[in-house]
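Enquirer: Quick one, fold the following:
(2 chains)
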Amino acid sequence: MRAVNLSNPPDLSCNSVVKDFAGHRAVNDLSFTVQRGSFFSILGPSGCGKTTLLRMIAGFIEPDSGDIVIGGRSMSGVAPNRRPVNMVFQQLALFPMMSVGENVAFGLARRGVPKAERMSRAAAMLERVGLEGAGSKRVDQLSGGQRQRVAIARSMVLEPTLLLLDEPLGALDLKLREHMKIELKQLQAAFGTTFVYITHDQSEALVLSDHVAVMNQGHFEQVGTPQQLYYEPATAFVAGFVGASNRIFGQLKSLYGDIAELETSDGWKVRARKSGQMAVGAHVEAFVRPEAATLERDASLLPSDQAHYVGKVRALLFDGANSAVLLQEDLTRFEFRVALPQTGRFADLKVGEKIYFSFDPQRATCFCGPGGPHV
Amino acid sequence: MSEKAWQRRLILALLLAPALLWLFALILLPHVQLAVLALRERVAPHVFQPSVDQFKTFFAEPLYWQVFVRTALMSIAATALTLVVAFPIAWVITKVARGRASALLFMVCLIPFWVSETVRALGWLILLRESGVLPAILVKLGLTDVPPELLYHDATILVGLVYTSLLFMVTPLVSSLESLDNSLIEAAYDLGAGGFATLRKIVIPHAAPGITAGCIVVFMLSLGNYLTPNLLGGKNSQWFTELIYTQFIVRFNWEQGAAFGFLLLGLSTAIVALGLRLSGQRFVDVMRRS
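Expert: Alright, predicted model coming up:
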């Protein structure tokens, strides 16, 4: 991950932005800044208000209150065609009535750049995104990935302060999406332009971004680096939304410094690092990453300073490097997911087999009260 | 050829039969008859000989070809006006109004067509004649001292023609604008285009087949219209269809009427071909896509 110089002035800052739709608050008093040259993602489930936020930055909708500042200039009352912002649309929105070159040159033509110059600039931009000589092609002659690059080239040729991307990988198939993720990151690094990317796909957000904001019901749950979101989720929502987790509900029994011990209604006791203030007796929930747990056939091999549990294998979830096993804790029949080590150990596990497991409480997080809706 | 292929051919032929019969009996046959009529000359009662005299008369008599040119120009003007009026309507129906409002607006365009064209034209008479509603309002407002005669002007004919053919322009425009993805408009806007540039570079190229189809239909309807120019233009209307009517019904000169009919057919074909040429469209594409 590239270091982002914090002394850079922010390219985008939103100050207390609010937007209501027919009594429903889509964006609730949001304030944040995006540093110049960084790749910033807004991650959230559908309906969380991320599209509304992006469209407000682009200028298609006006905020009800609050201010959006781009490149140091307030955008209040500035129409989308006058903002130093360009957008890559979800369905790309390439113009089918024009050639690829004309698509890329479209914005330059609107700025009154003479034809010869804009065609050469468009051709140079196409070369930069690896589509040399594609200028005379029709849009429908391109593959999905090539169209993606044309859409980016069309925006980047205008040298915007900010490039907005509205789930542009959503329409691609899995293989191409993985490929385009890498390509997008490389393109952003090469251009050095500030990217603001919205997605509901946590893997896209984690792989691509310098900073990610997790959005839920119109506000940001947490803004941080992908690592922070993953290892130090600030809220139960973030813990549940980013990455896979075992989610354990219970009542707080006791506190040992920053470690909380909770007990489920079935009487299963687990420990996790507490996040925020909580009092003994409160309803809490703990999130344990599947890879935070260790499996052993022999209980004595498990770390001695961790609580040991025993479970029966319910199902084997083979997915290459992401393989996991679904266990049923013996005492409470709680279903617990544990990642299989990538060494191939335990490749011989059978359904119904008894196995011991434990996890490091420092790598599990405990939050107060059942949080909002989870995905 | 196998039996199966024969069967398929037979079924296709049977399915096409009504359309072919219709084309043959109502289009081809009368035109053959008209062609025969147009190209003969009566030399004595019940005695005819081939001749192009009818066509010579057309060019020799200034009234005829002047009315002919006037009809063509007025129809082109009516088509252009209809497009200008229909485009914003179609835009509102497809891109501004939502759901029920959109359907309702389309209904409003359709409703006048539940009334026959004659009654609609008579409606214009009631509104526009000297003792009608609109002149009375103009006097009331103090804009004129005496009620003006609003009927029997070229402008009145144009208003009538636009009104009559509006739906036939709105329908293909609505269908072609509906298929225009809103994100294309937003993308153009986002890339710095204003309203006019978006219209010229994105909307019109996308809607071109619909525009062309609407224009062809409206032009042909206007050119071949008889009732509206006759009622709203009165004696001044000078519409070519009236000349054809006169030849057939008043003068019993079927030969001359048939020749005029062919000239009108030639005119509409030529102008539609020219229009397609100028807009760079192909007739087959236009008919398929709209």
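Enquirer: can you tell me which residues contact the closest residue to B:Ala72 other than its chain neighbours?
Expert: Nearest residue to B:Ala72, sequence neighbours excluded (Cβ to Cβ, 6 or more residues apart in numbering or on different chains): B:Leu267, at 5.8 Å. Where you see a C-beta, it was placed from the backbone N, CA and C, and this is true even at glycine. Shown in contact with B:Leu267 (Cβ atoms under 8 Å, 6 or more residues apart in numbering or on different chains): B:Phe68, B:Ala72, B:Leu223.
Enquirer: Would you agree B:Leu267 falls within a strand?
Expert: No. Assignment of B:Leu267 by DSSP: H, G, I helix; E, B strand; the rest coil gives helix, placing it outside any strand.
Enquirer: quick one on the thing from earlier: adding neighbour count and pLDDT as columns, could you present the contacts of B:Leu267 in JSON lines?
Expert: Putting the contacts of B:Leu267 into JSON lines (neighbours: other Cβ atoms under 10 Å in any protein chain shown; pLDDT from 0 to 100) gives the following:
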{"residue": "B:Phe68", "neighbour count": "19", "pLDDT": "93"}
{"residue": "B:Ala72", "neighbour count": "19", "pLDDT": "94"}
{"residue": "B:Leu223", "neighbour count": "24", "pLDDT": "94"}
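Enquirer: In helices only, show me the residues you listed.
Expert: Judged by DSSP state H, the contacts of B:Leu267 include B:Phe68, B:Ala72, B:Leu223 as members of helices.
Enquirer: Can you add distance to A:Val27 and give these back as TSV?
Expert: Formatted as TSV, these follow (distance: Cβ to Cβ, whole Å):
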residue	distance to A:Val27
B:Phe68	65
B:Ala72	58
B:Leu223	56
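Enquirer: Among the residues you listed, which one sits closest to A:Leu43?
Expert: B:Leu223 (61.2 Å; Cβ to Cβ).
Enquirer: List the residues that contact the closest residue to the closest one other than its chain neighbours.
Expert: Leaving aside its sequence neighbours, B:Leu223 sits nearest to B:Ser75 (Cβ to Cβ, 6+ apart; 4.4 Å). For B:Ser75, the contact set (Cβ under 8 Å, 6+ apart) comprises B:Leu161, B:Phe219, B:Ser222, B:Leu223.
Enquirer: Can you point out the buried residues in stretch A:152-159?
Expert: A:Ile152, A:Ala153, A:Arg154, A:Ser155, A:Met156, A:Val157, A:Leu158 (16 or more other Cβ atoms under 10 Å in any protein chain shown).
Enquirer: Redo these as TSV? Include secondary structure and distance to A:Ala58.
Expert: Formatted as TSV, the buried residues of stretch A:152-159 follow (DSSP: H, G, I helix; E, B strand; the rest coil; distance: Cβ to Cβ, whole Å):
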residue	secondary structure	distance to A:Ala58
A:Ile152	helix	15
A:Ala153	helix	18
A:Arg154	helix	15
A:Ser155	helix	11
A:Met156	helix	16
A:Val157	coil	17
A:Leu158	coil	13
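Enquirer: so what pLDDT did A:Ala321 get?
Expert: What the model reports as pLDDT for A:Ala321 is 84.
Enquirer: for chain A, what are the nearby residues on chain B?
Expert: Contact residues, chain B versus chain A (Cβ under 8 Å from any Cβ of the partner chain): B:181, B:183-184, B:186-194, B:197, B:201-202, B:205-206.
Enquirer: The helix or strand containing A:Ala260 - contacts with which helices or strands?
Expert: Assigned by DSSP states H and E, A:Ala260 falls within strand A:259-263. Contact here means 3 or more Cβ pairs under 8 Å, 6 or more residues apart in numbering or on different chains; DSSP states H and E; on that basis strand A:259-263 packs against strand A:246-256, strand A:269-274, strand A:283-288.
Enquirer: orientation of that strand relative to strand A:246-256 in degrees?
Expert: 120 degrees (axes from the mean of the first three to the mean of the last three Cα atoms, to 10 degrees).
Enquirer: mind listing what strand A:259-263 pairs with, with the direction of each?
Expert: If you go by DSSP bridges, strand A:259-263 pairs up with strand A:246-256 (antiparallel), strand A:269-274 (antiparallel).
Enquirer: Could I get the full set of strands for chain B?
Expert: Ranges of strands in chain B, per DSSP state E, are B:40-44, B:47-50.
Enquirer: Just name the most buried of the ones you listed.
Expert: strand B:40-44 (a mean of 12; mean count of other Cβ atoms under 10 Å in any protein chain shown).
Enquirer: and that one, which strands flank it?
Expert: strand B:47-50 (antiparallel).
Enquirer: quick one: B:Val133 from B:Gly123, how far?
Expert: Distance from B:Val133 to B:Gly123, counting by Cβ to Cβ, to the nearest Å: 10 Å.
Enquirer: what about the chain, any weak spots by pLDDT?
Expert: As the question left the chain open, I've gone with chain A. Counting by pLDDT under 70, chain A contains low-confidence ranges at A:1-8, A:370-375.
Enquirer: I was after chain B.
Expert: B:1, B:289-290.
Enquirer: and if we set it to 80?
Expert: For chain B, applying pLDDT under 80 flags the ranges B:1-2, B:236-237, B:282-290.
Enquirer: what residues does the stretch 151-300 of chain A put near chain B?
Expert: So far as Cβ under 8 Å from any Cβ goes, the stretch 151-300 of chain A lies against chain B at A:Arg154, A:Ser155, A:Leu158.
Enquirer: quick one on the thing from earlier: could you export the helices and strands packed on strand A:259-263 to CSV, including columns for mean neighbour count?
Expert: Shown next, in CSV, are the helices and strands packed on strand A:259-263 (neighbours: other Cβ atoms under 10 Å in any protein chain shown):
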stretch, mean neighbour count
strand A:246-256, 16
strand A:269-274, 21
strand A:283-288, 23
